[in-house]
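Asks: I'll drop the sequence and a predicted model, then ask my questions.
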Amino acid sequence: MSSAMASVALLTPSATSLSLRENSKRIGFGKKHGHLLFKGKASGRVSMTVAVNTSRFEGVTMAPPDPILGVSEAFRSDTNELKLNLGVGAYRTEELQPYVLNVVKKAEKLMLERGENKEYLPIEGLAAFNKVTAELLLGADNPAIQQGRVSTVQGLSGTGSLRLAAAFIQRYFPDSKVLISSPTWGNHKNIFNDARVPWSEYRYFDPRTVGLDFEGMIADIKAAPDGSFVLLHGCAHNPTGIDPTPEQWEKIADVIQEKNHIPFFDVAYQGFASGSLDEDASSVRLFVKRGLELLVAQSYSKNLGLYAERIGAINVVCSSSDTAARVKSQLKRLARPMYSNPPVHGARVVANVVGDPNLFDEWKQEMELMAGRIKNVRQRLYENLSQKDKSGKDWSFVLKQIGMFSYTGLNKAQSDNMTDKWHIYMTKDGRISLAGLSLSKCEYLADAIIDSFHNVN
Ligand SMILES: Cc1ncc(COP(=O)(O)O)c(C=O)c1O
């Protein structure tokens, strides 16, 4: 497009037609196939200076940077060599480099050798992916799967799957609200707000113990209107890294059952919390075993390192196969006008890795390695904090937390100090991603945390 045409596109309709009529005589605009064409030679004077140059988008205000992804943007523009990005939850090697899993490379090689095509997928996604993803989540021998009661639709990773589920809730349960933990992953509120699903919070984090406020959580779930959706992090709660114990999960299930609520799990870290895929799915499986109907959003961003492939799923476990079929048909109906059908690449990678016994075993080993590296830096950070801080503060909460994150308890001003003085980038709620930390940087991080905690109010 010529620069003259580009400026035409920005003008108001009235200004455009006026200036075009005036200018077309001098510079030779023509019209062909409904498009404006520039026939003359462009010169500086051709610009539409006669027109009133007000944008139709004048009323659009500047959006604030995203609280999580905005941190990476700020990190990129910092030139200090000590800088450390602990904002985004993405796994890094000990050298702090992004990591592509070997099993992913092997699966991609297989795909290339097979010369697979790029045809559209069905709206619900790749059948082989949907099968293995439900099996990975619930266990292949789960009666819910065997009885055809699970409706699985491939989604645009965890976020897109949550968004699809939110659209489903908005359409079929317009009077229900979703209960979300306080705090929770920052995007949950955005997702429900944009889908126009009302939400409220249940207590989760106890700042006094830097642990779970279990009593508060139970009381708030009990107090919610019957039939509410309760959003639960399947494992490795983001941002706190604090998960209920198996006994606490049983009690949560009791209350949810008592209140006729609908559990809605967000499983973004299966395998990343404990290093075991089965153990990290035990919360979801416990609810399914009780015969409850529930929703589960899954993501392969973290456990297979497929962040940019946008691969995940929404599963709805129903009471009968007939209901599951109807639910699936409606999920497809919601997906069609939103994005038509999902991308194929990540789905094939997952289907190849999870569906092949050899690659599956290799994946489990790689995951243990990743989870193990995070556990090691967690341990080292705790040791550095305890040894260096002479105030007697108990830092053992760092060890009790699980998964990619540590919720340090630092407030906004203290988190600002971490960035402004120490060049450590993190979210303002005090969360740090240990997946972006190396053993050699633990001491520096401990110094920064101790300084921020004691010297900033
Ligand atoms: C709790 C939780 N849910 C869902 C997601 C979704 O991630 P993605 O859309 O990359 O799968 C994340 C990512 O950080 C998360 O932490």
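Replies: Good, I have the coordinates.

Asks: just give the nearest non-adjacent residue to residue 66, would you?
Replies: Excluding its sequence neighbours, the residue lying closest to residue 66 (CB to CB, 6 or more residues apart in numbering) is residue 186, at 8.0 Å. Where you see a C-beta, it was placed from the backbone N, CA and C, and this is true even at glycine.

Asks: contacts only, for the one you found.
Replies: 66-68, 427 (CB atoms under 8 Å, 6 or more residues apart in numbering).

Asks: among these, name the ones in helices.
Replies: Residues of these located in helices (DSSP state H): none.

Asks: give me the phi and psi for the residue nearest to residue 66.
Replies: Taking degrees, to the nearest 10, you get phi -50, psi -30 for the backbone angles of residue 186.

Asks: pLDDT score for residue 370?
Replies: Residue 370 carries a pLDDT score of 93 in this model.

Asks: do the one 4 residues further on as well
Replies: At residue 374 the predicted local distance difference test score is 94.

Asks: show me what contacts the closest residue to residue 207 other than its chain neighbours?
Replies: Excluding its sequence neighbours, the residue lying closest to residue 207 (CB to CB, 6+ apart) is residue 409, at 6.6 Å. By CB under 8 Å, 6+ apart, the residues touching residue 409 are 207, 210, 397, 430, 453.

Asks: one step back: quick check on the contacts of residue 186: which are buried?
Replies: Buried residues within the contacts of residue 186, counting neighbours by 16 or more other CB atoms under 10 Å: 68, 427.

Asks: just flag the most distant two among the contacts of residue 186.
Replies: 66 and 427 (10.1 Å; CB to CB).

Asks: quick revisit: look up phi and psi at the residue nearest to residue 207.
Replies: Reported as degrees, to the nearest 10, the phi and psi values for residue 409 are phi 90, psi 0.

Asks: the ligand versus that one, what's the distance?
Replies: Distance, residue 409 to the ligand, by CB to the nearest ligand atom, to the nearest Å: 19 Å.

Asks: cool, and residue 383?
Replies: From residue 383 to the ligand the distance is 27 Å (CB to the nearest ligand atom).

Asks: so what secondary structure elements neighbour the top helix by length along the chain?
Replies: The longest helix of the chain (DSSP H) is helix 357-388. If contacts are counted by 3 or more CB pairs under 8 Å, 6 or more residues apart in numbering; DSSP states H and E, helix 357-388 sits against helix 102-114, helix 345-355, helix 397-400, helix 442-455.

Asks: mind checking which of the ones you listed is nearest the ligand?
Replies: Of all those, it is helix 345-355 that lies closest to the ligand, at 10.3 Å by CB to the nearest ligand atom.

Asks: just how off-centre is stretch 160-180 within its chain?
Replies: Relative to its chain's centre, stretch 160-180 lies at 17 Å (CA atoms, centre = their mean, to the nearest Å).

Asks: average pLDDT for that stretch, rounded please.
Replies: For stretch 160-180, mean pLDDT rounds to 98.

Asks: CA-only coordinates of that stretch in CSV, if you can.
Replies: Extracted in CSV, the C-alpha atoms of stretch 160-180 (Å, rounded to 0.1, in the frame of the first residue of the first chain):
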residue,chain,number,x,y,z
GLY,A,160,-8.4,-20.8,25.7
SER,A,161,-9.9,-23.9,27.3
LEU,A,162,-10.8,-21.8,30.4
ARG,A,163,-12.3,-19.2,28.1
LEU,A,164,-14.4,-21.8,26.3
ALA,A,165,-15.6,-23.2,29.6
ALA,A,166,-16.5,-19.7,30.7
ALA,A,167,-18.5,-19.1,27.6
PHE,A,168,-20.3,-22.4,28.3
ILE,A,169,-21.1,-21.3,31.8
GLN,A,170,-22.3,-18.0,30.6
ARG,A,171,-24.7,-19.6,28.1
TYR,A,172,-26.0,-22.5,30.2
PHE,A,173,-25.7,-21.2,33.8
PRO,A,174,-26.4,-17.5,33.5
ASP,A,175,-27.5,-17.3,37.1
SER,A,176,-24.5,-19.0,38.5
LYS,A,177,-21.3,-17.5,39.7
VAL,A,178,-17.7,-18.8,39.8
LEU,A,179,-15.8,-18.9,43.1
ILE,A,180,-12.1,-18.2,42.6
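
Asks: wait, residue 407 sits on residue 210?
Replies: Yes. Using CB atoms under 8 Å, residue 407 is in contact with residue 210, at 7.1 Å.

Asks: the residue of the stretch 301-450 of the chain at minimum distance from the ligand - nearest residue in space that isn't next to it in sequence?
Replies: Going by CB to the nearest ligand atom, the ligand is nearest to residue 301 of the stretch 301-450 of the chain, at 3.6 Å. Leaving aside its chain neighbours, residue 301 sits nearest to residue 307 (4.5 Å; criterion: CB to CB, 6+ apart).

Asks: so how far is residue 269 from the one you found?
Replies: Going from residue 307 to residue 269 by CB to CB, to the nearest Å gives 13 Å.

Asks: show me which of those two is the more surrounded one.
Replies: residue 269 (26 against 18; other CB atoms under 10 Å).

Asks: excluding its backbone neighbours, what's nearest that one?
Replies: Using CB to CB, 6+ apart and skipping the chain neighbours, the partner closest in space to residue 269 is residue 236 (3.9 Å).

Asks: residues near the one you found, how many?
Replies: Considering only other CB under 10 Å, residue 236 is surrounded by 27 other residues.

Asks: break the protein down into its domains, please.
Replies: Domain assignment of the chain by automatic domain parsing yields the ranges 3-46, 69-99+369-455, 122-355.

Asks: among those, show the one with the smallest mean pLDDT.
Replies: Confidence, taken as mean pLDDT, is least for domain 3-46 of those (a mean of 40).

Asks: what's around the residue of the stretch 201-350 of the chain found nearest the ligand, how many residues?
Replies: Of all residues in the stretch 201-350 of the chain, residue 299 sits closest to the ligand, at 3.1 Å by CB to the nearest ligand atom. Look at residue 299: counted by other CB under 10 Å, it has 26 neighbours.

Asks: quick check: residues of this protein near the ligand?
Replies: 89, 157-159, 185, 233, 238, 266, 268, 299, 301, 307, 312 (CB under 6 Å from any ligand atom).

Asks: one more pass at 5 Å, please.
Replies: Listed as neighbours of the ligand in the chain under the rule CB under 5 Å from any ligand atom: 89, 157-159, 185, 238, 266, 268, 299, 301.
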